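Q: what follows is a protein structure lacking sequence information:
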């Protein structure tokens, strides 16, 4: 692929939307699964000792779906990415407390925690780029 093709691809709004859909896939797919199988969502909250389970499940679904929608839509990306990032960091001590385990289980949970932190890094980048895009567009919109 020639560089001008890459430049065009990276400048494409469709490509940017597709990238945001992929970045948030883990959140909106989980939120939809919980929404359509609410008893299992409640059981998951109970499994991790989160009480009261039903309101916690509702809050998780809301954060996963609303945060994803904000990031994907390109509106208030910083808010959606921030909410998803905080949510993701909070899942580490709740669901992936590798420091309290030993052996293979500890190693696997540590890998999950590291993957979660990588996702948080991606969310930070999309928030930064979203703010830059908004800052560049603001003078154009103000002059219109």
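A: Structure's in. What do you need? All values derive from a computational prediction rather than experimental measurement.

Q: verify the contact between residue 94 and residue 50 for me.
A: Yes. Between residue 94 and residue 50 there is a contact at 7.2 Å, judged by C-beta atoms under 8 Å. All C-beta spots, glycine's among them, are computed from the backbone N, C-alpha and C.

Q: these two: who's more crowded?
A: Taking neighbours as other C-beta atoms under 10 Å, residue 94 and residue 50 compare with residue 50 leading, 17 against 11.

Q: just the residues contacting the helix or strand residue 93 falls within, thanks.
A: Taking DSSP states H and E as the criterion, residue 93 maps to helix 77-95. With contacts defined as C-beta atoms under 8 Å, 6 or more residues apart in numbering, helix 77-95 is touched by 20, 24, 27, 48-50, 60, 63-64, 66-71, 112-113, 116-117, 119-120, 123-124, 126-127, 129-131.

Q: just the buried members of these?
A: 20, 24, 27, 50, 60, 63-64, 66-71, 113, 116, 119-120, 123, 126-127, 130 (16 or more other C-beta atoms under 10 Å).

Q: now for residue 92, how many residues are close by?
A: 19.

Q: and residue 41, how many neighbours?
A: For residue 41, using other C-beta under 10 Å, the count is 22.

Q: how about it, what does it touch?
A: Applying C-beta under 8 Å, 6+ apart to residue 41 gives the contacts 33-35, 57, 60-61.

Q: how about the helices in the protein?
A: Ranges of helices in the chain, per DSSP state H, are 3-11, 13-36, 38-47, 53-73, 77-95, 103-143.

Q: what does the fourth one rub up against?
A: Around helix 53-73, the neighbours that count as contacts under C-beta under 8 Å, 6+ apart are 17, 20-21, 23-24, 27-28, 30-32, 34-35, 38, 41-46, 50, 76-77, 79-81, 83-84, 87, 123, 126.

Q: among these, which ones are buried?
A: Among the contacts of helix 53-73, those buried by neighbour count (16+ other C-beta under 10 Å) are 20, 23-24, 27-28, 30-31, 34, 41-42, 44-45, 50, 76-77, 80-81, 83-84, 87, 123, 126.
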